[in-house]
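Q: kindly generate the corresponding structure for this input.
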Amino acid sequence: MSKKQILSYIKNTISITLILCLVCVGVIGAVWSSKVYDTRIKTAKDDPLYIKGYSNVLIVGVDKDGTRTDVIMFAQYDRVNKRISVLQIPRDTYDEDNKIDKKINSSYQTFKDGKVVTDIKGVYRAVEKITGHKIDNYVLIDTKGFRNVIDSMGGVDFKVPQRMQYEDPEQDLYIDLYPGMQHLNGDKAEQLVRFRGYPNADLQRNKVQRDFIFAVIDKVLSPEGLLNIGSIKDAAVSSFKTDLSDSDILSYVDVLTNQEIAKDNIHIFGLEGVAEYRNRVSYFIPNDELNKKNFEKYFVDETAIEKVSEAEMKLKESLTSDDGVDIEEVNYSIKSVSGLDKLMLKVRIIDGSSGEKKIDEITSKITSQGFGNKPMVYKSGLPYDTSRIIVKDTSNRSHYIAQTFNFEKMVVSKEKCGDYDVVIVIGKDYAE
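A: As a prediction, the model looks like this:
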């Protein structure tokens, strides 16, 4: 990989661990608390060769007295598609099962021996009911840690959308920001993400927080941020507390730091719905129909990737990556190749269509063209969105078989082909 490619790769990708930290600190400026339950790889039953294909994490922040959640997010890490999706849930979301005030932000409270105590199970219940997804772990981060992370990266440039003024001596909260592009240190960044005085209340607040997350990520991926990435990561991790053992954390980080998430594969979106008064109390009422569409778009079908083969994940990563390969236009002027070339060609077909394509008809197309060796078909347990042809060399027979399957370009990589001359990946987009 060239120096230019390396720099481009660094600027457009970031380790999963750091992204999760930045998602937490970028959104939860109103959080100060005690415990963090991080997510980790879980092996499928009795089979070390398989891993869970996704992790669902509840990210919450609590108010000053530690009894109400001020920020609630549901984050999913999709290991198969290397994607992080984060749902922001307004604190005033209606929760009919909450006996205190019917708001989700007080679902963290419960009564025990006549006293109000905190219990994360209430938030689990409420969020799982909204999303339809089971939560694996939860995360809490304190506001001091948030400020430290922002300061460790030298602050963040951000366009403040409006004049922000608010004072609450009881919370030791003083917000005083002017509209326009500003350089925010940790203290000012906290003021930004904690401000609620918008015309559209939590809806607009969520948008500002979402924009700020990406501003934080852009700063980390800047030349200055890359120079400080060690101290940024240390500041983020030190702001968390966890009940996991050191060995648990090290094994989790070891898995994740060897993976990369493209910035374009980080999706942050808000719960759809409307503000509404019920019994003179303002609530956010979710729109179930719209939210169902968003959940189907951004969250995985958990039954489809409950457990996935590590070997298959590595194979998919290899076949879909363009690192260290050449891409060549298929030469459609080549109309024929010798019979010996056809006879000796070894073809492998990767069926990544999840059963949507007629693989028998595809393989018969090869034999009908006179290629002597019947192609070896491998049915992948993982879906491939995009079809491609990978060839060992740029010989005439490579161009010829690429034409047979109507490919415009071919990937040239002897390493990816292995023992085969041609590898054809049949994805969901393949036009039969």
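Q: so which helix or strand takes in residue 349?
A: Using DSSP states H and E, residue 349 sits within strand 347-351.
Q: residues in contact with that strand?
A: Contacts of strand 347-351 from elsewhere in the structure, counted by C-beta atoms under 8 Å, 6 or more residues apart in numbering, are 315, 319, 357, 359, 362-363, 366, 371, 373, 375-380, 384, 401, 417, 420-426. C-beta coordinates here come from the backbone N, C-alpha and C atoms, glycine included.
Q: next: stretch 391-411.
A: For stretch 391-411, the external contacting residues (C-beta under 8 Å, 6+ apart) are 322, 325-332, 334, 336-337, 341-342, 345, 347, 362, 365-366, 369, 371, 387-390, 412-414, 417, 420-424, 431.
Q: try 7 Å this time
A: Contacting residues not belonging to stretch 391-411 are listed as 325, 327-332, 334, 337, 341-342, 345, 365, 369, 388-390, 412, 414, 417, 421-422, 424, 431 [C-beta atoms under 7 Å, 6 or more residues apart in numbering].
Q: that stretch: end-to-end distance?
A: 6 Å (C-alpha to C-alpha, to the nearest Å).
Q: swap in stretch 345-354?
A: With C-alpha to C-alpha applied, stretch 345-354 spans 26 Å between its terminal residues.
Q: quick one on the thing from earlier: pairing partners for the strand holding residue 349, with directions?
A: strand 376-379 (parallel), strand 422-426 (parallel) (DSSP bridges).
Q: quick one: the next helix or strand after the first one to chain centroid distance?
A: Moving toward the C-terminus from strand 376-379, the first helix or strand encountered (DSSP H and E) is strand 388-391. Taking the mean of its C-alpha atoms, strand 388-391 sits 28 Å from the chain's own mean (C-alpha atoms, centre = their mean, to the nearest Å).
Q: identify each buried residue in the very next helix or strand once past strand 388-391, please.
A: Under the assignment DSSP H and E, the closest C-terminal helix or strand after strand 388-391 is helix 396-404. Within helix 396-404, the residues that qualify as buried by neighbour count (16 or more other C-beta atoms under 10 Å) are 397-403.
Q: and those residues, which is closest to residue 108?
A: Proximity of those to residue 108, judged by C-beta to C-beta, is greatest for residue 402, which lies at 57.9 Å.
Q: what's the distance between that closest one and residue 211?
A: Separation of residue 402 from residue 211 (C-beta to C-beta, to the nearest Å): 44 Å.
Q: quick one: which of the buried residues of helix 396-404 is nearest residue 123?
A: Where these are concerned, and distances follow C-beta to C-beta, residue 123 has its nearest neighbour in residue 402, at 53.1 Å.
Q: SS state for the closest residue to residue 73 other than its chain neighbours?
A: For residue 73, ignoring the flanking residues on the chain, the nearest one in space by C-beta to C-beta, 6 or more residues apart in numbering is residue 59 at 4.2 Å. Assigned state for residue 59: strand (three-state reduction, DSSP: H, G, I helix; E, B strand; the rest coil).
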